[in-house]
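Engineer: Would you be able to build a 3D model of this:
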Amino acid sequence: MAERSTAAVDVADNSGDEPLTAKADEATADGVAQTRERETAEEGAAEIGEPMGAGAATPPELHSGHKLARRYRLEECVTRLDGFSSWRAVDEKLRRAVGVHLLPADHPRARSVLAAARSSALLGDPRFVHVLDAVEENDLVYVVHEWLPDATELTALLAAGPLEAHDAYQLVSQVAQAMAAAHREGLAHLRLTPSAVLRTSSGQYRIRGLAVNAALRGISSDTPQRTDTEAVGALLYASLTQRWPYEDDAYGLSGLPKGVGLIAPDQVRAGVHRGLSELAMRALVNEGATASRQEPPCTTPEELVKAIGEMPRIRPPEPAFTAPPEYQRTTYQQGTYGRTTPRPGVTQPVPTPPPPLQSRTGKALKWAVSALLIAALGLGSWQLADALMDRGKSEDPGSADTSDDGDKSKPKTTHPIKIVNGEEYVLKGGPQDLSGVPNTYDGDNSTYWRSKSFIEGPKLAPYKPGVGIVYDLGKEEDVSAASLGLRYGGDHTTVELYAADSLSSSTSPSSMKKIGSVTTNGQTAKITAKKPVATRYVLVWLTDVPQSPRDEYSSAGYKQAITDVKFTG
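Structural biologist: Residues are numbered from 1 along each chain as shown. I've put the predicted structure just below:
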């Protein structure tokens, strides 16, 4: 049997239900989520394989090798719980691994699971594990979703220890932005646990089980935005402390000590980033943050995204410097090549140096060499003096070569310009990849900012005039050139460079001063200005993008990604 992996299957475990439900019931009456789960005796019996009560839906009797819709071949059952099961399967038509949730068509939650899966499939946000199919067939209801073999659960990451401040910042930023986008479309998760968050090999976080996981378990909430916001706060708290922010142990993490209540992460563990600690408390505590900063609580994902945006960006730690190995001289370099290696313990005789030139012939040779050297020095001095005199006679003070402004021409020198900040420029519609902007100037070519995938191209207009990023250079600089690293090649990418008025500029590029533009079919774009332009803010604006294949974030279409941006003055 193939090796078991749960990297992309919504494992419906029971651990950790109490903190997000019972704890919510104890909150004040201002609208804290009261999550309701069906934790009945029948569910407990299903977990241990005992018969369920009368009237309960019976899980379908399926086995490895069973095929659904003559396409999805079941490989391994990962979960069997409360009348439904989760499987790792193979899509034989597209030859790829998928995950499948199965339950009988007469299951009391079958209708809600189908509705949740179909609503989630319409979202199409690359930060979520996509639902690929939702079907009722032959007395079965099954939901097919992506399988990410290279992804790791947050549960496994936290088992090794708490995350670094930069990793925790990336986690809460990406998850909060994803949930804000889902709630804008009317979708909630309601079971956002460490096992529902995956980190891919590229460092991006993806969320699985949107709406579907809650429907499978019969979870509902009167305040879904507050429920998901508190769940994001719990994920951040666990990432900073390696502790679950409630008294009960859950998801392989120890809970807080009994009777102390909810205390800030920086009081649980030394060295926790202060800003992230307060952010976690604002998402978890309904009355506010901590005593040191009475910030208002974050009760929706949108408020949490805004609070994250107001924080100073946390940069990745500097890479540790590894000293190069000590230089080893070889036998050849030491001048002993071809000699016999002496036996240990044997003293080697020191060779006697040859006697100096003390004979009559030797003295004559020394005098001859000295005379030649004196003659050469004299001849060289005479030639140098003669050349200087000739040059003085031929020089005309009025014939010096000057430039148009009267100054002698000097070679032009360039210098790299440092980028201190960046922000996505949105002229029409929604943003492309807010969290990916810092990846374009972090010095790492493996990270990138990406656009969404468009149906028509290469020119994005009229659907969207363009996509791009405004960079802050820290002070006014004379920008003369720019170099961009692009992820996709092909026909074709057009990049334009403008001098913007601010980091969050709302001015149309047509009203900005244009520095230069270039069109390329390769994976680099170099723009050179006819004349340097003095500006502090520079807009990199993509108006045309090439046709590119499907990847882990978006489907095939017209799109582009920027891996690296450098400016020269």
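Engineer: what about the stretch 451-569 of the chain, any weak spots by pLDDT?
Structural biologist: For the stretch 451-569 of the chain, not a single residue meets the criterion pLDDT under 70.
Engineer: Let me see the ranges of the helices in it.
Structural biologist: In the stretch 451-569 of the chain, no helices are found when defined by DSSP state H, counting those that start in this stretch.
Engineer: what does the chain give?
Structural biologist: Secondary structure of the chain (DSSP state H): helices located at 17-25, 41-48, 110-123, 154-159, 165-184, 212-217, 224-241, 265-268, 274-284, 301-310, 360-394.
Engineer: Check which helices and strands the longest one sits against.
Structural biologist: Meaning helix 360-394. Secondary-structure packing of helix 360-394 (3 or more CB pairs under 8 Å, 6 or more residues apart in numbering; DSSP states H and E): no helix or strand packs against it. Heads up, the C-betas are built off the backbone N, CA and C, glycines and all.
Engineer: which other residues reach stretch 431-439?
Structural biologist: The contact list for stretch 431-439, computed with CB atoms under 8 Å, 6 or more residues apart in numbering, reads 170, 173-174, 177, 313, 422-424, 447-452, 467, 469, 563.
Engineer: show me where pLDDT drops low in the stretch 1-150 of the chain?
Structural biologist: Where the stretch 1-150 of the chain drops to pLDDT under 70, the residues are 1-61.
Engineer: and Glu75, how far is that from Gly443?
Structural biologist: According to CB to CB, to the nearest Å, Glu75 and Gly443 sit 42 Å apart.
Engineer: Specify which residue of those two has the higher count of neighbours.
Structural biologist: Using other CB atoms under 10 Å as the criterion, Glu75 and Gly443 rank with Glu75 on top: 19 against 9.
Engineer: out of the helices of the chain, nearest to Ser86?
Structural biologist: Nearest to Ser86 among the helices of the chain is helix 212-217 (8.6 Å), distances taken as CB to CB.
Engineer: roughly how far out does that closest one sit from the chain middle?
Structural biologist: Chain-centre distance of helix 212-217: 28 Å, with CA atoms, centre = their mean, to the nearest Å.
Engineer: go on, stretch 111-123?
Structural biologist: Centroid separation between stretch 111-123 and its chain, computed with CA atoms, centre = their mean, is 28 Å.
Engineer: now stretch 131-150
Structural biologist: That offset, for stretch 131-150, works out to 28 Å (CA atoms, centre = their mean).
Engineer: Also stretch 120-138?
Structural biologist: Using CA atoms, centre = their mean, the offset of stretch 120-138 from its chain centre is 24 Å.
Engineer: Over to stretch 428-446?
Structural biologist: The chain centre lies 9 Å from the centre of stretch 428-446; the measure is CA atoms, centre = their mean.
Engineer: What is the neighbour count of Leu384?
Structural biologist: Neighbourhood size, Leu384 [other CB under 10 Å]: 10.
Engineer: now it: how far from Leu81?
Structural biologist: Per CB to CB, Leu384 is found 96 Å from Leu81.
Engineer: Include distance to Gln547 when you put the helices of the chain into JSON lines, please.
Structural biologist: Listed next are the helices of the chain as JSON lines, based on distance: least, CB to CB, whole Å:
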{"stretch": "helix 17-25", "distance to Gln547": "44"}
{"stretch": "helix 41-48", "distance to Gln547": "49"}
{"stretch": "helix 110-123", "distance to Gln547": "24"}
{"stretch": "helix 154-159", "distance to Gln547": "35"}
{"stretch": "helix 165-184", "distance to Gln547": "26"}
{"stretch": "helix 212-217", "distance to Gln547": "32"}
{"stretch": "helix 224-241", "distance to Gln547": "36"}
{"stretch": "helix 265-268", "distance to Gln547": "46"}
{"stretch": "helix 274-284", "distance to Gln547": "40"}
{"stretch": "helix 301-310", "distance to Gln547": "32"}
{"stretch": "helix 360-394", "distance to Gln547": "64"}
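Engineer: Filter the contacts of stretch 431-439 down to the buried ones, ChimeraX style.
Structural biologist: In ChimeraX, selecting the buried portion of these, with burial taken from 16 or more other CB atoms under 10 Å, looks like this:
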select :170,173,174,177,422,423,424,447,448,449,450,451,452,467,469,563
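Engineer: In stretch 134-143, which residues are buried?
Structural biologist: Under the neighbour-count criterion of 16+ other CB under 10 Å, stretch 134-143 has 134, 140-143 buried.
Engineer: residue contacts, the closest residue to Asp472 other than its chain neighbours?
Structural biologist: Nearest in space to Asp472, with sequence neighbours left out and distances taken as CB to CB, 6 or more residues apart in numbering, is Asn421 at 4.0 Å. By CB under 8 Å, 6+ apart, the contact list for Asn421 reads 313, 471-472, 503.
Engineer: Burial check on Glu185, number of neighbours?
Structural biologist: 12.
Engineer: And for Ala69?
Structural biologist: Residues lying near Ala69 (other CB under 10 Å) number 13.
Engineer: try the one 5 residues further on
Structural biologist: Other residues near Leu74 number 20, with proximity taken as other CB under 10 Å.
Engineer: My read is that it contacts Asp91, right?
Structural biologist: No. If you go by CB atoms under 8 Å, Leu74 and Asp91 don't touch, sitting 11.4 Å apart.
Engineer: who does the residue nearest to Glu76 when sequence neighbours are not counted bridge with?
Structural biologist: Excluding the flanking residues, the one nearest Glu76 by CB to CB, 6+ apart is Arg88, at 4.6 Å. Counting by DSSP bridges, Arg88 is bridged to Glu76, Gly99.
Engineer: what about stretch 461-473, start to end distance?
Structural biologist: End-to-end distance of stretch 461-473 (CA to CA, to the nearest Å): 29 Å.
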